[in-house]
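make a model of this:
(one chain, ligands or ions: 2)
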Amino acid sequence: MTTSRLETLATALANGLRAELYLTPKPGLVDLRDNGAHPDLNLLLMCRSIRLVDGYLQELAGALLRNAGPDELIAIGRQAEHTMIKQLGSNTHRGGIFLCGLILVAADQANPDDPQALQQSVIQIAAAFFAKREEQSSNGEQVRRQHPAAGIVTEALAGLPNLFDTILPILNDPRTLEEPRRVYLALARLMQKVQDSTSLHRCGEQGLTLLRQAGARLEECILGGHDPTHLLTQTNREFRRHNLTMGGVADLLGVGLGYAGYLLSNLTYHQGYEEISPERKKAGI
Ligand SMILES: CC(C)(COP(=O)(O)OP(=O)(O)OC[C@H]1O[C@@H](n2cnc3c(N)ncnc32)[C@H](O)[C@@H]1O)C(O)C(=O)NCCC(=O)NCCS
Ligand SMILES: Nc1ncnc2c1ncn2[C@@H]1O[C@H](COP(=O)(O)OP(=O)(O)OP(=O)(O)O)[C@@H](O)[C@H]1O
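Ligands and ions are numbered 1, 2, ... in the order given. Model (predicted):
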């Protein structure tokens with residue numbers, strides 16, 4: 001059985017969420033060391049949540065492959081959210097479920113190997129989705145009343161600029177910095193740019209200010225060639241003290257890592273990327 005491009009993308013996106021979760025240390029977020037500023041979450045719960053998201057994305061890819069209509073796709077997304085709350089008792093990956101689903105549906109309408117075409121498709125799919133969606137009572141909705149530009153809705157309607165424009169160029173160029181510094185630079189940029197409704201909900205404007213300042217310090221550390229571990233550990237303590245988190249930053253990083261992984265494993269995308277022949281691999285050259 002051959003795996004379709006959509007199924008490959010679905011797997012890559014779930015792997016991106018895993019990579020985000022395992023990135024340690026991270027301020028305010030669940031990682032391998034602690035649960036950040038999330039008393040209701042832990043590593044095991046987040047791992048179970050990603051398995052659930054993975055299953056959901058495969059189901060969505062299957063539905064797209066048999067040309068299911070928009071109502072069925074939306075019902076599959078809502079069911080995934082519902083299952084997450086029912087099985088895990090918390091909002092573990094609501095943002096992740098939505099963003100990964102949006103990218104997968106957009107990838108069915110455009111060439112996913114072309115980021116620009118995919119972004120245009122995201123804009124169209126998001127516009128159609130939010131034109132139909134009824135208001136719901138969520139933390140994000142509450143924040144949007146005071147900060148209309150904050151949160152996942154604006155980010156999606158604008159074509160996920162913080163994914164395609166802010167971090168993809170960094171994640172996609174393995175020559176710039178070695179791992180995990182490249183990922184931390186992407187994190188630092190997101191912390192400075194994202195209008196994260198989870199930070200606003202927890203700490204108001206001060207939350208975003210703290211996020212930006214911490215992002216700028218992290219970027220300076222990385223670009224200065226220093227080890228960021230100590231700084232990140234300190235920043236995590238600071239975020240925990242303020243009950244500050246950055247779920248939107250985490251979601252965008254996870255989805256960005258997933259999509260960058262998909263592109264990097266697709267050799268046709270990288271002009272000038274030379275496939276290593278088995279002979280050369282064996283000879284170690
Ligand atoms: C749009 C959704 C995610 C609700 O958003 P809302 O902001 O109202 O809810 P909530 O406060 O729970 O926030 C959602 C998530 O957004 C993330 N987030 C916050 N800020 C940002 C940001 N600026 N950018 C990206 N993500 C962000 C947070 O981590 C959080 O998990 C939603 O639940 C929904 O409508 N789901 C339907 C599922 C579906 O149909 N999927 C199929 C889509 S094709
Ligand atoms: N490693 C991570 N740790 C914590 N949250 C993450 C992580 N990765 C992604 N997220 C995102 O962060 C969101 C959780 O944010 P948050 O806990 O603020 O939401 P909430 O449960 O709706 O609000 P609150 O906890 O303030 O009541 C999840 O929906 C998820 O998408």
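
helix, strand or coil for residue 25?
The local conformation at residue 25, judged by DSSP: H, G, I helix; E, B strand; the rest coil, is coil.

oh sorry, the question was meant for residue 124
helix.

could you check how far it is from ligand 1?
12 Å (CB to the nearest ligand atom, to the nearest Å). C-beta here means a position set from N, CA and C on the backbone, and glycine is covered the same way.

my guess is that residue contacts residue 105, does it?
No: using CB atoms under 8 Å, residue 124 makes no contact with residue 105, being 10.0 Å away.

compare those two (neighbour count), which wins?
Shown here are residue 124 and residue 105; by other CB atoms under 10 Å, residue 105 has more neighbours (25 against 14).

where does the stretch 1-150 of the chain get nearest to ligand 1, residue-wise?
Using CB to the nearest ligand atom, the single residue of the stretch 1-150 of the chain nearest to ligand 1 is residue 140, 1.9 Å away.

quick one: name whatever helix or strand follows the strand or helix carrying that residue.
Element membership of residue 140, judged by DSSP states H and E, is helix 139-146. Going down the chain from helix 139-146, the next helix or strand is helix 152-157, by DSSP H and E.

what is the neighbour count of residue 224?
8.

can stretch 101-111 be said to contact ligand 2?
No: judged by CB under 6 Å from any ligand atom, stretch 101-111 makes no contact with ligand 2; its nearest approach is 12.4 Å.

what parts of this structure come near ligand 2?
Counting by CB under 6 Å from any ligand atom, the residues of the chain that sit close to ligand 2 are 20-21, 29-30, 36, 38, 41, 46, 91-96, 139, 198, 201-202, 245, 247, 250-251.

if we go to 5 Å?
Within the chain, the positions lying close to ligand 2 (CB under 5 Å from any ligand atom) are 21, 29-30, 91, 93-96, 139, 198, 247, 250-251.

show me what from the stretch 101-250 of the chain comes close to ligand 1.
Contact residues (CB under 5 Å from any ligand atom) of the stretch 101-250 of the chain with ligand 1: 101, 105, 138-141, 151-152, 155, 194-198, 247-248.
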